[in-house]
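> predicted model and sequence follow; I will ask about them next.
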Amino acid sequence: MLRCRQRTVSSQSAVEGGDTGCDEADCVDLPNTGLPAKERATGKKRGRKALPENLPRERVEYDLADDEKICPCCRHQMHRMGETVTEQLHVEVKAKVLQNVRFTYACRHCDRTGINTPVVIAPMPKQPLPGSIAPASTLAFALVQKYVDGTPLYRLAQTFERAGVPVSLGALGHWVIGSSEKHLSRIYNALKLRLRSESLIHGDETAVQVLKEKDREAASTSYMWAYRSGEDSDEPIVLFEYQPRRGQIYPQAFLGDYRGIVMSHGYSAWRTLEGATHLGCMAHSTRRFVDALKARKKGSGPPEQALRFFDQLYRVERQANDEKPGGGETQADSMRRFGQQHSVAILNALKERLDIIAPKVLPDSKLGDAVSYTLNQWEYLTRYTEDGRMPIDNNFLLWIPLGLQGISDRRDM
């Protein structure tokens with residue numbers, strides 16, 4: 001379900017005013033939304049980006065030899081008139097041993113007088129994993145390598161080995177599990193409580209396979225569930241939850257009696273959250289028509305016609321986001337007004353077209369699947385026009401740096 005990652009479909013369908021690629025009898029006129037026929041393209045700056053100013057600078061100076069500082073014309077000594085500076089990015093990875101030296105103290109006066117007094121040793125800060133050789137910085141390095149960069153622990157162990165620092169696979173596993181159980185779980189639970197207070201939550205799930213899971217075969221299908229606060233949240237939160245199955249009990253247990261807005265795709269488990277207001281993902285619907293277009297031998301036809309409607313809907317969204325609220329309006333008010341003014345007409349025309357197509361397509365075809373999905377989800381797909389806080393799709397969750405797609409590809413972690 002998380003394969004859909006595109007906010008527009010301009011690469012698959014014709015833009016407004018261009019060649020539709022369909023037979024004249026099948027061409028569909030898009031409703032007049034009052035928007036400009038073309039969006040002004042924003043040019044991208046070319047060239048290499050400057051290195052960040054906050055990085056420390058280390059000067060490496062290159063000078064002429066003394067005999068090269070003599071003028072070749074008059075043989076007098078030349079003076080230095082300036083310098084030419086070019087910058088390169090230097091990345092240095094190195095390990096070092098931290099020696100935690102704790103001084104001890106005893107009383108010599110008491111020793112001389114035969115009084116037995118205790119030896120006092122200076123305390124040191126509590127360590128995240130007592131008895132481990134890994135301080136907080138090393139634990140953070142291992143966790144980032146595994147969960148952000150997708151490096152399996154056995155490869156991380158090989159990296160340490162090549163650097164001359166043998167760290168066993170078991171030790172790395174202890175670092176990851178210990179960090180989670182002793183520290184990260186408390187942060188996770190606090191974030192979960194905070195997420196439940198948000199007005200909007202994006203949700204999705206994807207299939208994963210876990211190797212060597214207790215009492216399960218390696219080929220068994222499990223699921224990673226993802227939850228994210230809305231784009232306008234003051235405190236952005238993204239949480240993942242692994243579960244062995246895909247049942248409705250998992251989002252119910254995670255979100256509890258949540259009463260806000262839930263953006264998800266068409267999987268019925270999400271809709272069992274009875275107290276929430278549910279939205280459908282327009283990107284999932286769009287992707288089905290993209291697949292239907294690819295499956296056609298001649299291209300164009302009904303899939304491309306539908307994609308032209310989706311193009312229009314996303315154009316409205318982009319321009320609504322760029323629109324400055326009027327006097328006394330909030331951004332949500334402005335988004336709702338813009339959607340009611342422009343999007344509703346497009347949606348009505350799309351619905352009319354799909355109702356005509358539906359009886360004529362094979363249910364088991366790609367086009368049949370796209371039409372059926374969109375009509376079945378229509379109530380949820382169109383609800384975003386009723387409230388300016390509601391997004392058109394779930395792409396804000398799918399575009400996170402560590403996406404569910406990336407997790408699903410990492411079976412050997």
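Cool, got the structure.
> if I look at the residue of the chain most remote from its centre, how far off is Ala106?
Ranked by distance from the centre of the chain (C-alpha atoms, centre = their mean), the top residue is Thr113, with 69.3 Å. Per C-beta to C-beta, to the nearest Å, Thr113 is found 13 Å from Ala106. Every residue, glycine included, has its C-beta placed from N, CA and C.
> who touches both of those two?
Residues touching both Thr113 and Ala106 (C-beta atoms under 8 Å, 6 or more residues apart in numbering): there are none.
> just checking, what packs against the longest helix along the chain?
With secondary structure taken from DSSP state H, the chain has its longest helix at helix 302-322. Contact here means 3 or more C-beta pairs under 8 Å, 6 or more residues apart in numbering; DSSP states H and E; on that basis helix 302-322 packs against helix 282-295, helix 331-338, helix 344-357, helix 366-376.
> so which of those helices is the most packed in?
Each of the helices and strands packed on helix 302-322 was scored by mean neighbour count; the highest is helix 282-295, a mean of 22, by mean count of other C-beta atoms under 10 Å.
> now do it against helix 302-322, angle only.
150 degrees (axes from the mean of the first three to the mean of the last three C-alpha atoms, to 10 degrees).
> what average pLDDT does helix 282-295 get?
On average, the pLDDT along helix 282-295 is 95.
> now the angle from it to helix 344-357?
If you take the same axes, to 10 degrees, helix 282-295 sits at 40 degrees to helix 344-357.
> wait, Glu323 touches Phe338, no?
Yes. Between Glu323 and Phe338 there is a contact at 5.8 Å, judged by C-beta atoms under 8 Å.
> quick one: pLDDT of Asp232?
pLDDT, Asp232: 88.
> okay, now it: neighbour count?
Counted by other C-beta atoms under 10 Å, the residues lying close to Asp232 total 13.
> got a list of what it touches?
Listed by C-beta under 8 Å, 6+ apart, the contact set of Asp232 reads 200, 331, 389.
> for those residues, which one is nearest Pro118?
Among the contacts of Asp232, Leu200 lies closest to Pro118 (C-beta to C-beta), at 59.2 Å.
> what residue spans form the domains of this protein?
For the chain, the domain assignment from automatic domain parsing gives the residue ranges 125-196, 200-268, 282-393.
> could you identify which of those domains is most buried?
domain 282-393 (a mean of 18).
> how near is Gln305 to Pro130?
As judged by C-beta to C-beta, Gln305 and Pro130 stand 66 Å apart.
> state the distance from the nearest residue to Leu129 once chain neighbours are set aside to Asn189.
Nearest non-adjacent residue to Leu129, counting by C-beta to C-beta, 6 or more residues apart in numbering: Gly178, 4.7 Å away. Gly178 sits 17 Å away from Asn189, going by C-beta to C-beta.
> now swap in Ile133 and tell me
Distance of Ile133 to Asn189, given as C-beta to C-beta: 28 Å.
> now Gln145
Separation of Gln145 from Asn189 (C-beta to C-beta): 24 Å.
> just Val262 next, same as before
20 Å.
> related to what we said a few turns ago, right, and the helices and strands packed on helix 302-322 - which one's nearest Glu213?
Glu213 lies closest to helix 282-295 among these, at 29.1 Å (C-beta to C-beta).
> can you give the distance of the closest one from its chain's centre?
For helix 282-295, the separation from the chain centroid amounts to 22 Å (computed by C-alpha atoms, centre = their mean, to the nearest Å).
> just list whatever residues bridge to Gln243.
Tyr223 (DSSP bridges).
> one step back: among the helices and strands packed on helix 302-322, which gets the worst mean confidence?
For these, mean pLDDT drops lowest on helix 331-338, to a mean of 88.
> ok, the nearest residue to Glu386 once chain neighbours are set aside - contacts?
In this structure, Glu386 finds its nearest non-sequential neighbour in Arg336, 7.2 Å apart by C-beta to C-beta, 6+ apart. Applying C-beta under 8 Å, 6+ apart to Arg336 gives the contacts 385-388.
> nearest to Phe240, of those residues?
Nearest member of those to Phe240, counting by C-beta to C-beta, is Asp387, at 27.3 Å.
> if we ignore the residues flanking it in sequence, what's nearest the closest one?
Using C-beta to C-beta, 6+ apart, the nearest residue to Asp387 is Arg336, at 6.2 Å.
> Ala226 is in what secondary structure piece?
Using DSSP states H and E, Ala226 sits in strand 222-229.
> give me the contact list for that strand.
Around strand 222-229, the neighbours that count as contacts under C-beta under 8 Å, 6+ apart are 195, 198, 200-210, 213, 216, 235-246, 250-251, 254-255, 396-397, 400, 404, 407-408.
> mind checking which of those residues are in strands?
Among the contacts of strand 222-229, DSSP state E puts 200-208, 238-243 in strands.
> local confidence estimate at Cys413?
Actually, residue 413 is Met rather than Cys. Confidence score, pLDDT, at Met413: 46.
> whoops, Ser408 was the one
Looking at Ser408, its pLDDT stands at 51.
> what's Gly326 in contact with, if anything?
Applying C-beta under 8 Å, 6+ apart, we find Gly326 in contact with Ser334.
> on that earlier part again, can you give me the mean pLDDT across the longest helix of the chain?
Mean predicted confidence for helix 302-322 is 92.
> distance between that helix and the chain's centre?
Chain-centre distance of helix 302-322: 23 Å, with C-alpha atoms, centre = their mean.
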